[in-house]
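> Give me a 3D structure for the following:
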Amino acid sequence: MRVPLLRITLAVAREIIDALHLDVRSHGIEDAYAAAALHTATSANGSGLGERTCMALAIREGLPVITTDRDWGRLAIAGLTVTLAR
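Okay, the predicted model is just below:
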């Protein structure tokens, strides 16, 4: 199920993100290579670049990913810990 895009300005989006106090990370060339390297392991479940980028960041930081996507729970990727939210 896809959530429809909200029609908000960039300024409002920044306010929302700032209010959440998120730890936002940059995405550099090594991160792009790490995400690309996950393509073979994730292609069967249809993971896109954004999802692979999230996985690569979690592996790099040694943190679990929290998702509602049950397909992620079936992935066998070294260093990736998946926690299903429901």
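> Backbone dihedrals for Thr67, please?
phi -150, psi 160 (degrees, to the nearest 10).
> ok, it - contacts?
Listed by CB atoms under 8 Å, 6 or more residues apart in numbering, the contact partners of Thr67 are 82-85. Yep, even glycine has a C-beta here, placed from its N, CA and C like the rest.
> List the contacts of the longest helix seen in the chain.
When the chain is parsed with DSSP state H, its longest helix is helix 49-61. Defining contact as CB under 8 Å, 6+ apart, one finds that helix 49-61 is touched by 25, 27, 31-32, 34-39, 42, 47, 64-65, 69, 72, 75, 77-81.
> How far does that helix sit from its chain's centre?
Distance of helix 49-61 from its chain centroid, counting by CA atoms, centre = their mean, to the nearest Å, is 5 Å.
> likewise stretch 45-55?
6 Å.
> ok, back up a step: what mean pLDDT would you report for the longest helix of the chain?
Averaged across helix 49-61, pLDDT comes to 94.
> quick one, strands of the chain?
Counting by DSSP state E, the chain has strands at residues 65-67, 82-84.
> Of those, flag the one that's most buried.
Of all the strands of the chain, strand 65-67 has the most neighbours on average by mean count of other CB atoms under 10 Å, namely a mean of 16.
> Noted, bye for now.
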